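# need the 3D shape of this:
(2 chains)
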Amino acid sequence: MRRRPQVSMDFQIVVLAGGFSKTLLPLVSKDLPKALLPVADRPVLSFVLELLEQNGIKEAIVVVEGESAALLISAWISRAFEDRLNVEVVAVREDVGTAGAIREIGHRLTTKDILVVSGDLVTEIPLGAVAAVHRRHDAMVTAMLCSVPISGPLDSGASSVKDKGKKAGRLNIVGLDPTKTFLVHIASGAEVEKDIRIHKGILRAFGQMEIRSDLMDAHMYAFKRSALLDVLRQNEKFHSLRRDVLPYLVQSQLKSSLRINGSQSEENGNDKDALHIQQNLFSQLANAPHLLSDPILNQTHKCVVYIANKTKYCARLNSVQAFSDINRDIVGDANHLLGYTLSAQNNVVDPSVILGSKTTVGPQCMVREGSEMGDKCSIKKSIIGRHCRIGSNVKISNSIIMNHVTIGDGCSVQGSIICSNVQIQERASLKDCQVGAGYVVTANGDYKGESLAKKEK
Amino acid sequence: MVAKKGPKGGMAAGDGDEERSRVPLQAILLADSFATLFRPITLERPKVLLPLVNARMIDYTLAWLEYSGVEEVYVFCCAHSKQVIEYLERSKWFGRSNFLVTTIVSNYATSAGEALRVIYERGVICGDFVLVSGDTVSNMPLTQMLAEHKERRKRDSYAVMTMAIQRSKSSTVTHKSRLGTDELFIAINPETNQLLYYEDKGDNLKGSFSLDNALLTANSSICIHNDRQDCFIDICSPEVLGHFIENVDYQHLRAHFVKGLLDDDGISGYKVFVHDIRSGYAARIDNLRSYDTVSKDIIQRWTYPFVPDTQFAAKSVLKHGRQGNYRASGSKISPSAAIGSCTVIGNNSTIGNFSNVTNAVIGEGCVIGSNVSIEGCYIWDRVTIEDGCKLKHAVLCDGVIVRLGAILEPGVVLSFNVIVGQNFRLPSYSKVSLFKQPIKQDSDEELEYVDDSYGTVEISSSPNSPERMEELRADYSDVGDAGAGCIWLVDNADLEEEWLHSIAPVLEDQLVEIVQNRKNPTLNSNENDTVLQQSPDLELGSSDDSDDVADDSLHFQNEVEATFLRGVHENVKEDNLIFEINALKAMHNCELIDCASALFYAMMKLALETPHSSSSELVKNVSEIITKWKKLLKCYLKTIDEEIEIILKFEEMCLEFATEYIPIFPQILHIMYDKDMLQEDAILKWASEKEEADESDKVLLKQSQKLIQWLREASEEEDE
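Below is the predicted model of the structure:
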């Protein structure tokens, strides 16, 4: 294994693990917060934590929304990462947003810089690279951008059509300076839907700006701690790091006096500054007119980007679609992240699995321990969790089956996500469905594109 | 004259490759810029025939076209067409075998668009052609640009035009390029070089511009440039001419044609591409500033091989000396005269004793006396400058006489045969001509400005008949004893533009003034700052009102606020204030409702800025201000609607100044009610409107519940 650069110790790592995300219903449940959703039978959070471990990090703060989710996650971490990582799980109020979460744990942050990583990130991009870029430029914020995952445009199946509208809306639009180092424009959220507004002042300062829509914000940021906390303190309404804090920093980076160093002197400071700038202006003009056009001179702080190599895998589990995409990629194209060696058939089947006669498990599949299958089953491009009971003549393709699922004879499951403890009775047919935990699909049921879940009591 | 009939059939697209390769490379040269920036000089002589260092502008363009392999040039003449034709007939350009120059005359064309329509009707263009104007100086090779264009055309027949652009950073102060042209904002697709956005005459006050969202779906990466400059050298396909025929209203190549193609949502489907010139020189002389810049570039040999000491245009050859000096062999310079660097002195010119010449171009047959100081001037042919004159950054056309001891301050333009009287001091930026300044409303056909704003249309110059000119000849003189010529007046409003376009470099204190002029409105309107400031709507993550409206209303609000504050501090009478606010209202085309809310905003802000230590003191401030100014505000509160608007505005303010105003919202509401600013109906109506709002919106409503309850009960009692 190649040695990865170590992230220096004066970076504190904050993993934002979220809570019970509503967008992921019915996959998440009271017992399964977002961070613990299985990707190839591993909680998604484990990818980030292992990445930290590989980067030589010893400590991290995992921030979870809600006490109950925190308990679940904390229990899992202490089991799985004992003696590997010193992880502190902190619960914050629900729906405080990413910015709110940082605000709440602000008092725990002590180092010069902090690295904020989203807990739903599945990637192999070394954190050290982001940290190094951040340090090299002495940046206020460094954001990691990666190419839109390969699977995005590839899945031209039925599901992508209905998703198209959503996808366009989720585009990240960023503007980079000619050297592709600085983030000079960012549009996100509601703004993306509208026309792109370009501030001439910024363009004048940099001369040139490249607007990219093929880059995704990977939600991995390095921040200057003091500055971030100041911004959060002064702007109480900021809810999200990406939608509020980052645009704010990007927009204010060329302002002559930023409201970061104390807001009380703002009025006077501005006036004096304006005067000062004017006086300066003329002497500069006389001596060296080019000085004026030098953006670095006017820059009060830097917003830097790290653009990940295209070949590196990077995806976020932030939607149902992303959940199945990532699961498929991880046993397919990106199987080097899996941590298992593939068999000759290009799949992973636990030795304890019992397969009936004439049952086939195709490539890009994973079947975990204790699962049993009857005769004449066909499994293609799917993941089957632990201790599942699958009858005979069952066809499963492009699906994710979690643990303890019972599937009756003659069922057909395509492009679906079946959560734990689901019972699918004989000859039911599911296509592009999501079935919540504990649900019972009755015999001969035929569902297409539906989301099935037990009613919460 | 050579008359060539092009094959008309060649217009049809889809010629075989073979046939296309046989088509000679053609160029259209517009020998008229359809602009007025060179007046008054261009009243008497077309711009393309003005001397540039030691050759005519058109010579540079033609020489470059020949050098780049163009075989046929169609020179379109309009204003002063006779002069252009006469010049060309006498020049070496006519009668060559491999370089065919043909003139096309139309005396009634007033724009590039009309010129192209005339050319289309002639049917001479049969393939891709180069489109330039006759004031272009360049030495860039066209080969690569042409190859790119042809390659694109092969793949996509809708790629009809390739524009040359060049790296050039505009000044951050004046927002002008070094050629004195406006800064340019363009967006291109870096992979295909397709042009996606073009803004040259942008509103400087507006801090931003928008790109169509749809562009991003088609282009995953868009490069937006502010560091490029349009060279006005285009390679076009014949379809371009056709498009001008289809759109008879198209006048200007950029403003109408290019922007038209970019904005038409792909109706025509035509695409424009750009070619970034990495090596080579290209510039267009658009104004006197660029005349100065390009002249210096020529002297400093950036335009090689088109430099004064090569014989690209048949004229006397200059010898290149040290320090960028060029001197004709026939010139006589007194040994005691000091000739500084970058000076060109033409044939048969004499310079007297102890004269000092730097950075200047002196044409042929000039007589310059003793003790004359010339700095940065362009002196054309047969100019006489008598002893002791001082000239700085001036243009002196043919036959000008400057009498003993006269002083020309920077930026002066003396048109043909002007005589400046003895010891006369000509102020900066004077333009002097023997002809009277045409008046804008002049019904005179020749001098009618149609639309000056875009520089598209100018004199529809039928040949300036001698009688006509005679009529215009000034019968008085403004330039001293025994002088000849009248000084053209410059509109004060255009003064800044005048500086930036002048031959004289922009001075420091002018820059200061420009910056201040620009700052003042911008500081008020928060424009330049909004550019970099967090705009409030962005913070909240949603805003649907369009930019223009938002900007304008913000501007209006700021002006009202400033007016109001002035009223407070200087004790202006209410009536006067009302008058001023009404003027603002008319100017911004606003409604009563806007005035009311802006005024209210100003008042509340004043209250906030008046020192206070607790919220109860703030309430007191508000109460005092409302008492004092309620009459003023009442003028704009004619109906309930306006009153409701006020409450809504107050709500908005509470978002802005949350800590200060949210806690005391109901109290202030009550005060306003007490002071008769608001009727109870307004408050109740507001309350009922708000009932349906989102929970988050209701915070203030809930706070005021008590007051509303009280009002309701009161009104019910009344009803009973």
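# now do B:R56: how many residues are near it, please.
Other residues lying near B:R56 total 23 when counted by other C-beta atoms under 10 Å in any protein chain shown. C-beta coordinates here come from the backbone N, C-alpha and C atoms, glycine included.
# ramachandran coordinates for it?
phi -80, psi 150 (degrees, to the nearest 10).
# for it, give me its contacts.
Going by C-beta atoms under 8 Å, 6 or more residues apart in numbering or on different chains, B:R56 touches B:V48, B:L49, B:L50, B:Y87, B:A313.
# show me what it is bridged to.
B:R56 has these beta-bridge partners by DSSP bridges: B:P51.
# for it, give me the pLDDT.
With respect to pLDDT, B:R56 scores 88.
# quick one: it from B:K431, how far?
Using C-beta to C-beta, to the nearest Å, we find B:R56 at a distance of 21 Å from B:K431.
# make sure B:S430 is actually in contact with B:L489.
No: contact criterion C-beta atoms under 8 Å: B:S430 and B:L489 do not qualify, at 9.5 Å.
# so which of those two has more stuff around it?
B:S430 (21 against 9).
# so what's the more buried one up against?
By C-beta under 8 Å, 6+ apart, B:S430 lies in contact with B:E409, B:G411, B:V412, B:V413, B:I487, B:W488.
# what's the burial count for the closest residue to the first one other than its chain neighbours?
For B:E409, ignoring the flanking residues on the chain, the nearest one in space by C-beta to C-beta, 6 or more residues apart in numbering or on different chains is B:S428 at 4.2 Å. Using other C-beta under 10 Å, B:S428 is surrounded by 18 other residues.
# distance-wise, check B:S428 relative to A:V48.
68 Å.
# likewise for A:S240?
For A:S240, the distance to A:V48 equals 19 Å [C-beta to C-beta].
# the two - which one has more neighbours?
A:V48 (26 against 17).
# from B:N107, how far off is the more buried one?
76 Å.
# CA atoms only: put the longest helix along chain B into CSV for me.
Criterion DSSP state H: the longest helix present in chain B is helix B:547-570. Taking C-alpha atoms only, helix B:547-570 is exported to CSV below (Å, rounded to 0.1, in the frame of the first residue of the first chain):
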residue,chain,number,x,y,z
ASP,B,547,-32.1,42.6,-10.8
ASP,B,548,-32.9,45.7,-12.7
VAL,B,549,-35.9,46.5,-10.6
ALA,B,550,-34.1,45.7,-7.4
ASP,B,551,-31.2,47.8,-8.3
ASP,B,552,-33.3,50.7,-9.4
SER,B,553,-35.5,50.6,-6.3
LEU,B,554,-32.5,50.3,-4.1
HIS,B,555,-31.1,53.3,-5.9
PHE,B,556,-34.3,55.2,-5.4
GLN,B,557,-34.4,54.3,-1.7
ASN,B,558,-30.9,55.5,-1.2
GLU,B,559,-31.6,58.8,-2.8
VAL,B,560,-34.7,59.4,-0.8
GLU,B,561,-32.8,58.5,2.3
ALA,B,562,-30.0,61.0,1.4
THR,B,563,-32.6,63.7,0.7
PHE,B,564,-34.3,63.0,3.9
LEU,B,565,-31.2,63.1,6.0
ARG,B,566,-30.1,66.3,4.4
GLY,B,567,-33.5,67.7,5.3
VAL,B,568,-33.0,66.6,8.9
HIS,B,569,-29.5,68.0,9.2
GLU,B,570,-30.0,71.2,7.4
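# measure how far that helix is from the centre of its chain, please.
Centre-to-centre, helix B:547-570 and its host chain are 27 Å apart (C-alpha atoms, centre = their mean, to the nearest Å).
# and for the helix or strand just after that helix, what's in contact with it?
Along the chain past helix B:547-570, the next helix or strand (assigned with DSSP states H and E) turns out to be helix B:574-587. With contact meaning C-beta under 8 Å, 6+ apart, helix B:574-587 is reached by B:556, B:559-560, B:563-564, B:567, B:590-592, B:594-595, B:599, B:629, B:631-632, B:635-636.
# can you select the buried ones from those residues in PyMOL?
Under the burial definition 16 or more other C-beta atoms under 10 Å in any protein chain shown, those of the contacts of helix B:574-587 that qualify are selected in PyMOL by:
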select buried, chain B and resi 556+559+560+563+564+567+590+592+594+595+599+629+632+635+636
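# so what's A:Q434 up against?
Contacts of A:Q434 by C-beta under 8 Å, 6+ apart are A:P26, A:L27, A:V320, A:S416, A:I417, A:C419, A:E450, A:S451, A:L452, A:A453.
# out of these, which comes closest to chain B?
For these, the residue nearest chain B by C-beta to the nearest C-beta is A:V320; the value is 23.8 Å.
# which phi and psi does that closest one have?
According to degrees, to the nearest 10, A:V320 has phi -60, psi -40.
# and if you look at B:R155?
Main-chain dihedrals, B:R155, degrees, to the nearest 10: phi -80, psi -30.
# how near is it to chain A?
Distance, B:R155 to chain A, using C-beta to the nearest C-beta, to the nearest Å: 23 Å.
# burial check on that residue, number of neighbours?
Neighbours around B:R155, by other C-beta under 10 Å: 8.
# roughly how far does it sit from A:T341?
Counting by C-beta to C-beta, the separation of B:R155 from A:T341 is 47 Å.
# same question, B:T136
Counting by C-beta to C-beta, the gap from B:T136 to A:T341 is 68 Å.
# in terms of secondary structure, what does the helix or strand that contains B:V432 contact?
Using DSSP H and E, B:V432 sits in strand B:431-433. Counting contacts by 3 or more C-beta pairs under 8 Å, 6 or more residues apart in numbering or on different chains; DSSP states H and E, strand B:431-433 is packed against strand B:413-414, strand B:486-488.
# can you put these in TSV and add mean pLDDT, distance to chain A and mean neighbour count?
Below are the helices and strands packed on strand B:431-433 laid out as TSV (pLDDT from 0 to 100; distance: least, C-beta to the nearest C-beta, whole Å; neighbours: other C-beta atoms under 10 Å in any protein chain shown):
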stretch	mean pLDDT	distance to chain A	mean neighbour count
strand B:413-414	92	25	28
strand B:486-488	85	30	20
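# mind putting those into CSV with distance to B:A586?
Converted to CSV, those look like this (distance: least, C-beta to C-beta, whole Å):
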stretch, distance to B:A586
strand B:413-414, 39
strand B:486-488, 33
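# relative to B:Y304, which of these is closest?
strand B:413-414 (29.0 Å; C-beta to C-beta).
# partners of the closest one in the sheet?
strand B:395-396 (parallel), strand B:431-433 (parallel).
# what's it in contact with?
Residues from elsewhere that reach strand B:413-414 (C-beta under 8 Å, 6+ apart): B:40-41, B:288, B:394-397, B:400, B:402, B:408, B:420, B:430-432, B:485, B:503.
# the same query, at a cut-off of 7 Å, please.
Residues outside strand B:413-414 that contact it (C-beta atoms under 7 Å, 6 or more residues apart in numbering or on different chains) are B:I41, B:A394, B:V395, B:L396, B:C397, B:V400, B:V420, B:K431, B:V432, B:I503.
# from what I can see the fourth one touches B:D381, true?
No: the pair formed by B:L396 and B:D381 falls short of the contact definition of C-beta atoms under 7 Å, at 9.9 Å.
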